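> below: sequence and its predicted model.
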Amino acid sequence: MFKFIKSNPKFMQLISINLCAKIGDRLFYTPLLTLAATLSKAKLAVMLVAISETLPILLNFFLGSRADQKRHKLVAVSYNAGFRGVLYLIIASLLYFQPSLTLIISIANLNLISDLLGNYSSALTTPFTKLLITLDEMQQAQGIVSLTTQLVHVAATFIGAVLLTFFFNQTIAYLNAALFLLTAILYRLMAQHLIAIEKQLPQQKNTHITQLIKINFSLLANNRSVLNELCQLALINGFFGATTPIFVLFLKEDQPTLFFSQPLTIALLSGLVTSSMLLGNGLSSKIWTYQSNQTLNNMAFWGICYVSLGFFLNNTILVLSAASSVAFLLGLVSPRFSAAIITYYPTANLGGIVTMVNSLLMLIPPVTSFIFPIIATINLTVSYGSFLLYGLILLAMSWFTKFRN
């Protein structure tokens, strides 16, 4: 990894600035949720905050395609970061008012705009990867990106919670604004060193945005192997969307033997899943490189079946270990899949295609996190069986795909 970092300084500088922006994406999340939870209509307020975090992911279809048409991408990214800084200065000012549902709605809308600009900026910088990294290093590059992004995601959320114990919400919002303004300056300085690279980027014609989305979707759909793997990874992500709520009900209703308290056991599941995924990201270019992504996905599908078995056997250790295994395998496959996407598709369409892929990957978890708890309210044991059915359907889909090919 250190050799890669030394041999690709411009790529690492760009990624480092991107990570600074991603810190800003998550730093204010916990303070905003905490503020929403203090209201009399706490459930509605928290739901609005959650929507403001989720909706930008689903709108990536439009943002990525628009980013491919944009000239002077790094200058645009700099302006975006500066505007996000201004948005958080406005949020800090609003926080001096008495907490209310109207206030939360206003802040959530500003947060939504900020996150949309953040996703747009990510799409603007994506094509640079293909020009800054050689093809044989692409998988390692995507492993580093995935690893550091998830680390920053967890760390920024934790830092936001820690800051909340020492500072007012306004102070944290001001800190976030300062972080975005600093990021804007860094992007502007970086743009001066990437002028020659940016001139090599092909530009999309000023086609209507819906037509661009159709073109990008057809590029994905016409590659059957990529589309199949995308669906499989989306469904594995969906498994994690359902696991935590069912695990909470499992601990409450079945009361399995625990080595820790229930809250700590729930936190342990989240910690193991995250750390296993990070480990997979870090080792993606090091181990099992001779195994196809399909083989690793099949192993993950079996892992989902073992989670179901752990629920049925009232075995917390089996649930935790099987879920961790699925996360590790997903961590291995994700950078390889991202590298394949960036390598295969034309640079002119990369922003739109990558953001479309990211949106599709995130579509299933909200659905499963809604459906599985509903099944559990009818019968918790049936929800355990649903995990088994989920895993078996994925295995059947995999075998059917292999048979067709």
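Yes, it's here. Residues are numbered from 1 along each chain as shown.
> what about the longest helix in this protein?
If you go by DSSP state H, the chain has its longest helix at helix 101-132.
> quick check: buried residues in it?
For helix 101-132, a neighbour-count test (16 or more other Cβ atoms under 10 Å) marks 103-104, 107-108, 110-112, 114-130, 132 as buried. Yep, even glycine has a C-beta here, placed from its N, CA and C like the rest.
> look at residue 375 and say how many residues are nearby.
By other Cβ atoms under 10 Å, 17 other residues sit near residue 375.
> just give me the neighbour total for residue 332.
Neighbour tally, residue 332, other Cβ under 10 Å: 29.
> which intervals of this protein have sub-threshold pLDDT?
Applying pLDDT under 70 to the chain flags the ranges 1, 203-207, 256-258, 404-405.
> quick one: the strands in it, in order.
For the chain, no strands are identified by DSSP state E.
> domain map for it?
For the chain, the structural domains run 2-203, 218-404, going by automatic domain parsing.
> including distance to residue 212, could the ones you listed go into TSV?
Output for the domains of the chain, formatted as TSV (distance: least, Cβ to Cβ, whole Å):
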stretch	distance to residue 212
domain 2-203	4
domain 218-404	6
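> any idea which of those gets closest to residue 211?
domain 2-203 (8.9 Å; Cβ to Cβ).
> run the chain-centre distance for the closest one.
A distance of 12 Å separates the centroid of the chain from that of domain 2-203, by Cα atoms, centre = their mean, to the nearest Å.
> and if you look at stretch 239-256?
Mean-position distance between stretch 239-256 and its chain equals 22 Å (Cα atoms, centre = their mean).
> just the buried positions in that stretch, please.
The neighbour-count check on stretch 239-256 (16+ other Cβ under 10 Å) flags 239-251, 256 as buried.
> re earlier: so what secondary structure elements neighbour the longest helix of the chain?
helix 9-27, helix 29-37, helix 42-58, helix 60-69, helix 73-94, helix 195-199, helix 316-344, helix 350-361 (3 or more Cβ pairs under 8 Å, 6 or more residues apart in numbering; DSSP states H and E).
> got JSON lines for those, with distance to residue 402 too?
Listed next are the helices and strands packed on helix 101-132 as JSON lines, based on distance: least, Cβ to Cβ, whole Å:
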{"stretch": "helix 9-27", "distance to residue 402": "36"}
{"stretch": "helix 29-37", "distance to residue 402": "41"}
{"stretch": "helix 42-58", "distance to residue 402": "31"}
{"stretch": "helix 60-69", "distance to residue 402": "30"}
{"stretch": "helix 73-94", "distance to residue 402": "40"}
{"stretch": "helix 195-199", "distance to residue 402": "40"}
{"stretch": "helix 316-344", "distance to residue 402": "16"}
{"stretch": "helix 350-361", "distance to residue 402": "22"}
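> closest one to residue 282 among those?
helix 316-344 (8.0 Å).
> that closest one packs against which elements?
By 3+ Cβ pairs under 8 Å, 6+ apart, helix 316-344 packs against helix 101-132, helix 138-166, helix 224-253, helix 262-283, helix 293-312, helix 350-361.
> what angle do the third one and helix 316-344 make?
It stands for helix 224-253. 160 degrees (axes from the mean of the first three to the mean of the last three Cα atoms, to 10 degrees).
> next one: the last one
Counting by the same axes, to 10 degrees, helix 350-361 lies at 160 degrees to helix 316-344.
> what lies in contact with helix 350-361?
Here helix 350-361 makes contact (Cβ atoms under 8 Å, 6 or more residues apart in numbering) with 57-61, 63-65, 67-68, 119, 122-124, 126-127, 129-130, 212-213, 216-217, 219-220, 230, 233-234, 237, 338, 341-342, 345.
> and for residue 260, the neighbour number?
Residues near residue 260, counting by other Cβ under 10 Å: 11.
> list the contacts for it?
Counted by Cβ under 8 Å, 6+ apart, residue 260 has contacts residue 268.
> could you check how far residue 20 is from residue 190?
11 Å (Cβ to Cβ, to the nearest Å).
> for residue 153, same thing?
Applying Cβ to Cβ, the value for residue 153 to residue 190 is 22 Å.
> ok, now residue 243?
Separation of residue 243 from residue 190 (Cβ to Cβ): 39 Å.
> returning to that earlier point: compare the helices and strands packed on helix 101-132 and give me the one nearest residue 181.
Taking these one by one with Cβ to Cβ, helix 73-94 is closest: 3.8 Å.
> could you check the angle the closest one makes with helix 9-27?
Put simply, helix 73-94 runs at 20 degrees to helix 9-27, going by the same axes, to 10 degrees.
> buried ones in helix 73-94, by neighbour count?
Neighbour-count burial for helix 73-94 flags 73-74, 76-82, 84-85, 87-89, 91-92, 94 (criterion: 16+ other Cβ under 10 Å).
> so that helix versus helix 29-37, what angle?
Relative orientation of helix 73-94 versus helix 29-37 (the same axes, to 10 degrees): 30 degrees.
> could you report the neighbour count for the residue nearest to residue 251 when sequence neighbours are not counted?
Leaving out its chain neighbours, the residue that sits closest to residue 251 by Cβ to Cβ, 6 or more residues apart in numbering is residue 262, at 5.0 Å. Neighbours of residue 262 under the rule other Cβ under 10 Å: 12.
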